[in-house]
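Student: Could you look at this predicted model? Sequence included:
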Amino acid sequence: MSKAGGEDLDKKTAAKELIRLAAEIERHNRAYYVEDAPIISDAEYDALFQRLAAIEARFPDLVTPDSPTQRVGAAPAAGFAKVRHRAPMLSLGNAFDEADVRDFVSRVRRFLGLEENVPVALVAEPKIDGLSASLVYERGRLTQGATRGDGSVGEDVTANLRTVADLPKTLAKDAPEVLEVRGEVYMTKGDFQSLNQRQEAAGQKVFANPRNAAAGSVRQLDVSITAGRPLRFFAYGWGEVSAPLADTHWAAMQRLRGWGFSSNPLAQRCTDAEGALAAYTGVADRRARLDYDIDGVVYKIDRLDWQARLGFVSRAPRWAVAHKFPAERATTLLEDITIQVGRTGSLTPVANLAPVTVGGVVVSRATLHNEDEIARKDIRKGDTVVIQRAGDVIPQVVEVDQSKRRKGARRFKFPTTCPVCGSDAVREEGEAVRRCVGGLVCPAQAVERLKHFVSRDAFDIEGLGGKHVAAFRADGLIRSPADIFRLRDKASEIEARDGWGAQSVAKLVAAIEERRRIALERFIYALGIRQVGQATARLLARIYGTLAYWRRAMDAAQDPDSDAYRELVAIDGIGPSVAADMIAFIAEDHNRDVLDALEDELDVADFVPPEAASPVADKTVVFTGTLERMTRSEAKARAEALGAKVAGSVSAKTDIVVAGPGAGSKLKKAQELGVEVMDEEAWLAMIDGG
Ligand code: IVH
């Protein structure tokens, strides 16, 4: 595993890692913004984002315009027409404590070059936990409603937003001709609960929280469904306007209210950072009693001319910041600690809790992250624990209430075998995660491993994609990789499946047969050993040459005092960490069984070194005169080894004459015939590659 900020990556690996991270972030963006069903916690998302940003900071020329750092949220979902925002809809930077807020104001002062005695007024508004929307009014009528989407392009949800009860249908005459109002669509906690009751009674999906309910309701292709959902709207700003609204944010918001938009009644105008912090405390105190979810307070520089000068940095304005509330906490009983095995074999401990409500959501499981975390917090089964949830999907255990520990509670012993398949679970030096090494046999990982096994750079079996492998595995046709090569015995079973026929099965069987003979490097790569990618697999194939020799060497390398181990770690590009992964793989009985079974089915070809591109291959060479660096016979042998023909006399067929001191008639003849002549040094430089 490489370092969190990618400090140990070279540019090529960094480029690859950026692509991987961007894809993963994009997947989570979709889950969060489009499907309203987040998969990971905010903290985990932030970690991915920060890693990507850190790598980009080290390699600025790898930043692409569609990098997540250059965009906000997710591209619009299919199904709605797309809308390009006339002014981008941005995101907000975060402040997590008072110092961050004071820093924000100081940065603004520095940026604007303000003297200490010039007051910087701010507006502090609750940060509404809903979904942002843009509403374009032209000549007083709502002409377009859109979601934020990725910040540049959102979804056209005009018809849906027209159903929001507290939006003005028309605006008074003094409104600018074009007015784009921005704000948050939300659902009250009370409405959310009754909606869920109705949904449940009707056997429909219930929503996890008011935010998801609001987002899911806006994104209904059938507007009549949206109309039946109790949506509301708080305006908090504006986008495109044909005439300025006011000189300050505060005054502009008053004008919006005058035209009939709701804005949050807890907003306050403050004269400085300390006033803003006091407003924060006031809002935080009232939070639990509010009938809608808020997740912090947003501070905005009040003067609009200053906002304009401050501008934006990539995704967020310099003139605003979100001060987040700390995570909500609760105390409960930790009933058990169980271990989950992920698709990559990582063992993650999970706290099974007596159900408890945290921030309005019933929680019965929390992540314990990893082995060290449990040890560090000394978390034991039966403990009373404090858990927290910060707008998070996965709550976490913060600490143990030691005073409530039962007598005889034992320290948790992290398993050293995989709870799913029984293979060893090993933890490498410097790594936090323990992993199951039964990659090819562990049911928790098997599908992913099998997909890798048949992937393009591995076995690349035509007509047998990842999807087929997953389906075949689910139905027991394939359990381990060698089963793929026994599929020909199951032809009738495959033929009976949907979408298969005699012909396609025959084709598949033929494609599988074609791959029974495979290059050693592909074979090693296909095994899916951690950290053994294509380049490493090729390196191993080149160095060990044959499958038998590689396996013997890996077996022997399990002893760290062996020559085999020393040779392995000495290979440029391997090192102790990769070696440890290979040894862990080979040491696992299950994996050895898989290798044995594959060897029975396959013919793994020995490594064939690529033809050395020799500059003298097929050339006819004549040596004449005295050679100073080697004997005549050595010169001849080397030339022949490189594919040259060595002749004793010069003719029209001669390509090169290597002439040393004392060369006579042969040199003369070469010159007459126009044959290329060089001295011994030039010859050596050429055959040694310069
Ligand atoms: S101002 C240019 N004010 O928070 C910045 N945003 O994290 C515009 N939000 O996308 C945002 N309440 O959906 C602003 N009072 C408020 C807000 C608020 C909620 C949301 C909004 C935005 C997100 C940024």
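Tutor: All right, it came through fine.

Student: name the element the residue of the chain found nearest the ligand belongs to?
Tutor: Relative to the ligand, the nearest point of the chain is S132 (3.1 Å; CB to the nearest ligand atom). C-beta here means a position set from N, CA and C on the backbone, and glycine is covered the same way. In this assignment (DSSP states H and E), S132 forms part of strand 131-138.

Student: Check what contacts the strand or helix carrying H590 and list those residues.
Tutor: Taking DSSP H and E as the criterion, H590 maps to helix 589-601. Contacts to helix 589-601, defined as CB atoms under 8 Å, 6 or more residues apart in numbering, come from residues 421, 423, 437-442, 480-482, 485-486, 516, 523, 527, 547, 551, 585-586.

Student: Now list the buried members of those.
Tutor: Buried residues within those, counting neighbours by 16 or more other CB atoms under 10 Å: 421, 423, 437-442, 480-482, 485, 523, 527, 547, 551, 585-586.

Student: Please save the CA atoms from the helix holding H590 in CSV.
Tutor: Listed in CSV are the C-alpha atoms of helix 589-601, where the atom choice follows Å, rounded to 0.1, in the frame of the first residue of the first chain:
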residue,chain,number,x,y,z
ASP,A,589,-2.4,-24.3,1.7
HIS,A,590,-5.6,-23.3,-0.2
ASN,A,591,-3.5,-21.4,-2.7
ARG,A,592,-1.1,-24.2,-3.2
ASP,A,593,-4.1,-26.5,-3.9
VAL,A,594,-5.3,-24.0,-6.5
LEU,A,595,-1.9,-23.9,-8.1
ASP,A,596,-1.7,-27.7,-8.2
ALA,A,597,-5.1,-27.9,-9.7
LEU,A,598,-4.2,-25.3,-12.3
GLU,A,599,-0.9,-27.1,-13.2
ASP,A,600,-3.0,-30.3,-13.9
GLU,A,601,-5.1,-28.4,-16.3
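
Student: Use 55 as the first number from now on
Tutor: OK, 55 is where the count begins now, so the last one is helix 643-655.

Student: Measure how far it is from the centre of its chain, please.
Tutor: Centroid separation between helix 643-655 and its chain, computed with CA atoms, centre = their mean, to the nearest Å, is 32 Å.

Student: Could you point out the helix or strand that follows it?
Tutor: The helix or strand immediately downstream of helix 643-655 is strand 657-659, counting by DSSP H and E.

Student: Quick check: G291 touching E238?
Tutor: No. Counting by CB atoms under 8 Å, E238 is not a contact partner of G291; they are 10.1 Å apart.

Student: Sketch out the low-pLDDT regions of the stretch 605-744 of the chain for me.
Tutor: Counting by pLDDT under 70, the stretch 605-744 of the chain contains low-confidence ranges at 664-667, 743-744.

Student: now the stretch 405-554 of the chain
Tutor: In the stretch 405-554 of the chain (pLDDT under 70), the answer is 414, 444-447.

Student: still on that earlier bit, for the helix holding H644, which positions count as buried?
Tutor: For helix 643-655, burial by neighbour count (16+ other CB under 10 Å) applies to H644, N645, V648, L649, A651, L652.

Student: Just checking: what are the partner strands of the strand or helix carrying F677?
Tutor: Per DSSP H and E, F677 falls inside strand 674-678. Partner strands and pairing direction for strand 674-678 (DSSP bridges) are strand 699-701 (parallel), strand 710-713 (parallel).

Student: what sits against the closest residue to G587 other than its chain neighbours?
Tutor: Ranked by CB to CB, 6 or more residues apart in numbering and with sequence neighbours excluded, the top spatial neighbour of G587 is Y579, at 7.0 Å. Y579 makes contact with D511, A512, V586, G587, Q588, A591, R592 under the criterion CB under 8 Å, 6+ apart.

Student: Which of the strands paired with strand 674-678 sits closest to R464?
Tutor: R464 lies closest to strand 699-701 among those, at 79.5 Å (CB to CB).

Student: That closest one: which residues count as buried?
Tutor: Going by neighbour count (16+ other CB under 10 Å), the buried part of strand 699-701 is K699, V700.

Student: try stretch 357-373
Tutor: Buried residues in stretch 357-373, counting neighbours by 16+ other CB under 10 Å, are found at R357, L358, W360, Q361, L364, R369, A370, P371, R372, W373.

Student: By pLDDT, give me the weakest of these.
Tutor: The member of these with the lowest pLDDT is R369, at 78.

Student: Tell me the spacing between it and E110.
Tutor: 13 Å (CB to CB, to the nearest Å).

Student: A691 sits in which helix or strand?
Tutor: Going by DSSP H and E, A691 is in helix 686-695.

Student: correct me, but I628 touches V586?
Tutor: No. Using CB under 8 Å, I628 is not in contact with V586; the gap is 9.4 Å.
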